[in-house]
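S.K.: Next come a sequence and a model predicted from it.
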Amino acid sequence: MPQPRAPIRVESLTAILLLAACGGQEGTSTPGATTPGAPSAPPPPSVTSLELTSGREFPIFLGETAELQLTAVRSDGSRLPVDGALAAWSSSNRAAATVSEGVVTGVEPGNSEITVRYEGVSAEIAVPVRISPTARGEVRVIYAAPADRPFRADYSSGISWAVREAQTWFRRQLRGLTFELHNGSPEFCQMPEDSDHYSAGHSWNKVVEGVQHCAAVAHDTPGISWYVFADVGQLCGEHHELGAGGDGLAIVPRHDLEVLADSTRIKGCERTYRRGRQSIPGGFAHELAHTFGVPHPPGCEDRRAHCDHGALMDLGVYEYPDTYLRPDEKEFLMRSRFLRRTGPRGASPGEFTIRGVVRDASGAPLRGVRVSILSDTYWNWEETGFSGNFSIGVPDKQPGPFLVSVHAGDTAADCNWLGYHGPDGLHALRREATLVSVAEGDPEPIEVTLPLTPDELCNLDRTLSGVVVGPGDRPVEGVLVWFHRFGNRTGQDGSWKHGRLFEGWWSHRLHRPVSVTLPQCDKEIFFTQDGFTEARNWAFELVRRYEVAPLGITDIRMRLRASPEALCREG
């Protein structure tokens, strides 16, 4: 007969399980527990160094980017790629290059050290930024209409016609050189607000704001000259801000568009006046030249007797196309990044000839370099051929003397002007240039030797330096010399230096005045070639007489008419 089973004692089994879980039984241990006296696990490997590399070759060009690769080398010899977002990045020269999460962007020509820090270790890489050998300034023309003003085909076609007319006029004036339009045609932008918004006060700033969603229109945009035809009327009684240009931006109001659409009668605030359609390309050429940096002729701002009224940049704008660029304006524009050769130069007229050859430092001839001659009344240029030779015609009754300038042309990055020909090389200062005359017939051939290739010259870091002296040419120590936003204090010998000139609208001219701040009274005075002035606007005009070759300007002598203490006492 089967025996009855004994009852299960659950309490005892539970106790056994609890005892095992607590490690209470002899000879057992909890998985993962540390046994006293056992060796500890080794620490994770640490980062001992960083490697910073780029997937592309340097230099990078303006506006381009380069992604840097970061690799951590660890104490166990292993190598680990690091996400750029996990590291700290910095640039030693943000004016030349910026960096974010390992992506470097070229801003202006120059050199920068990019530094990365990760887990207490750092690494650096040198990033040079250069102008692209194919870089050219471009003109962007925008037809901008308020939200309540629809696109008009007659306005758009009229703008295209005015641009073509001005291109042809510049080409004739500059013997084959003219500007080119971005994408070959004007751009349309519908602004977000109605007409009343743009007409009533601060029209300039409102139009600039109104086109930002279409294009980053602004003053001093490197490499871009903006011209905006705004379909905006200007209210009577308001200050009329539109209809002007300078520092890379021009904006004109609706009446220019109305004239282009064949409306010859324009209603003004006080009267109705007539404007011919031909006046619009004339005004376009005038204001566009302002955006390139060309000022009004000497004396015209103050209506002096010596003002050249017939020039395009003064009253000649109303006589277009029967007007002209002055010789100095032609030279100015030839140095600009916005003008390029787009057609035949035509014959070089003249009974006399200035000839020569351009070679590199090894003595090899340079083809495609442009050489120009300039006097008070005449300007001309030619391009070197296969043998490096050039021949520039000079008409009768134009004896000179002539300054001879050398330009990179299409042989290098578009910094263009390389300097004046001088007895011992290239110079930025006219007083050190060799003057050439044809008063007694053809002069001896000129030999020009470049110290570096045009491309190397174009990419040098331009410097600005000099000395501040007082009465008796005594050095002035401790004053601050400012250029743009940067100040440097003079040393015991009165010397100062700005390490790099910024690429401005016209890299061959200073585009900001140089000033001196006297620490004794915090008084600021502006330096010009003619002395000092406290009038900031006048300083802007005078400072443009300084011409900047690739080597920069290295001998500006700033002479105070009195000691800093005496100048401060004058108030």
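M.R.: Yep, it's here. Residues are numbered from 1 along each chain as shown.
S.K.: I'd guessed Pro297 sits against Met313; true?
M.R.: Yes: counting by CB atoms under 8 Å, Pro297 touches Met313, with 5.7 Å between them. Every C-beta, even on glycine, is put in place using the N, C-alpha and C of the backbone.
S.K.: Identify the contacts common to these two.
M.R.: Common neighbours of Pro297 and Met313, using CB atoms under 8 Å, 6 or more residues apart in numbering, are Arg326, Glu329.
S.K.: Buried residues, the top helix by length along the chain. List them.
M.R.: When the chain is parsed with DSSP state H, its longest helix is helix 153-173. By neighbour count with 16 or more other CB atoms under 10 Å, helix 153-173 contains the buried residues 155-156, 158-160, 162-163, 165-167, 169-171, 173.
S.K.: Kindly report the same for stretch 420-427.
M.R.: In stretch 420-427, counting by 16+ other CB under 10 Å, buried: Tyr420, His421, Gly422, Leu426, His427.
S.K.: out of these, what pair is the most spread apart?
M.R.: His421 and His427 (8.1 Å; CB to CB).
S.K.: Need the overlap of contacts for the two.
M.R.: With CB under 8 Å, 6+ apart, His421 and His427 have common neighbours Ala433.
S.K.: And the strands in the stretch 151-300 of the chain?
M.R.: For the stretch 151-300 of the chain, applying DSSP state E, counting those that start in this stretch gives strands covering 177-178, 187-190, 224-230, 244-246, 249-252, 265-267, 272-274.
S.K.: One more: the stretch 401-550 of the chain?
M.R.: Using DSSP E, counting those that start in this stretch, strands in the stretch 401-550 of the chain cover 402-407, 417-422, 425-427, 435-436, 446-449, 464-469, 480-483, 486-489, 495-498, 514-518, 523-528, 531-533.
S.K.: can those go into JSON lines with extra columns for mean pLDDT and distance to Ser225?
M.R.: Shown next, in JSON lines, are the strands of the stretch 401-550 of the chain (pLDDT from 0 to 100; distance: least, CB to CB, whole Å):
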{"stretch": "strand 402-407", "mean pLDDT": "94", "distance to Ser225": "19"}
{"stretch": "strand 417-422", "mean pLDDT": "90", "distance to Ser225": "18"}
{"stretch": "strand 425-427", "mean pLDDT": "85", "distance to Ser225": "27"}
{"stretch": "strand 435-436", "mean pLDDT": "94", "distance to Ser225": "33"}
{"stretch": "strand 446-449", "mean pLDDT": "93", "distance to Ser225": "30"}
{"stretch": "strand 464-469", "mean pLDDT": "87", "distance to Ser225": "24"}
{"stretch": "strand 480-483", "mean pLDDT": "85", "distance to Ser225": "23"}
{"stretch": "strand 486-489", "mean pLDDT": "82", "distance to Ser225": "25"}
{"stretch": "strand 495-498", "mean pLDDT": "87", "distance to Ser225": "26"}
{"stretch": "strand 514-518", "mean pLDDT": "85", "distance to Ser225": "25"}
{"stretch": "strand 523-528", "mean pLDDT": "80", "distance to Ser225": "26"}
{"stretch": "strand 531-533", "mean pLDDT": "66", "distance to Ser225": "29"}
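S.K.: In JSON lines: those strands, plus distance to Val73.
M.R.: Listed next are the strands of the stretch 401-550 of the chain as JSON lines, based on distance: least, CB to CB, whole Å:
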{"stretch": "strand 402-407", "distance to Val73": "49"}
{"stretch": "strand 417-422", "distance to Val73": "45"}
{"stretch": "strand 425-427", "distance to Val73": "47"}
{"stretch": "strand 435-436", "distance to Val73": "62"}
{"stretch": "strand 446-449", "distance to Val73": "49"}
{"stretch": "strand 464-469", "distance to Val73": "42"}
{"stretch": "strand 480-483", "distance to Val73": "43"}
{"stretch": "strand 486-489", "distance to Val73": "38"}
{"stretch": "strand 495-498", "distance to Val73": "39"}
{"stretch": "strand 514-518", "distance to Val73": "48"}
{"stretch": "strand 523-528", "distance to Val73": "52"}
{"stretch": "strand 531-533", "distance to Val73": "57"}
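S.K.: Of those strands, which is nearest Trp89?
M.R.: Using CB to CB, these put strand 486-489 closest to Trp89, at 23.2 Å.
S.K.: Counting by contacts, list what that closest one packs against.
M.R.: Contact here means 3 or more CB pairs under 8 Å, 6 or more residues apart in numbering; DSSP states H and E; on that basis strand 486-489 packs against strand 480-483, strand 495-498.
S.K.: ranking those strands by burial, who's on top?
M.R.: strand 480-483 (a mean of 20; mean count of other CB atoms under 10 Å).
S.K.: how distant is that strand from the center of its chain?
M.R.: 20 Å (CA atoms, centre = their mean, to the nearest Å).
S.K.: what's across from the nearest residue to Glu51 once chain neighbours are set aside in the sheet?
M.R.: Nearest residue to Glu51, sequence neighbours excluded (CB to CB, 6 or more residues apart in numbering): Thr71, at 4.3 Å. Legend: beta-bridge partners of Thr71 under DSSP bridges are Glu51, Pro81.
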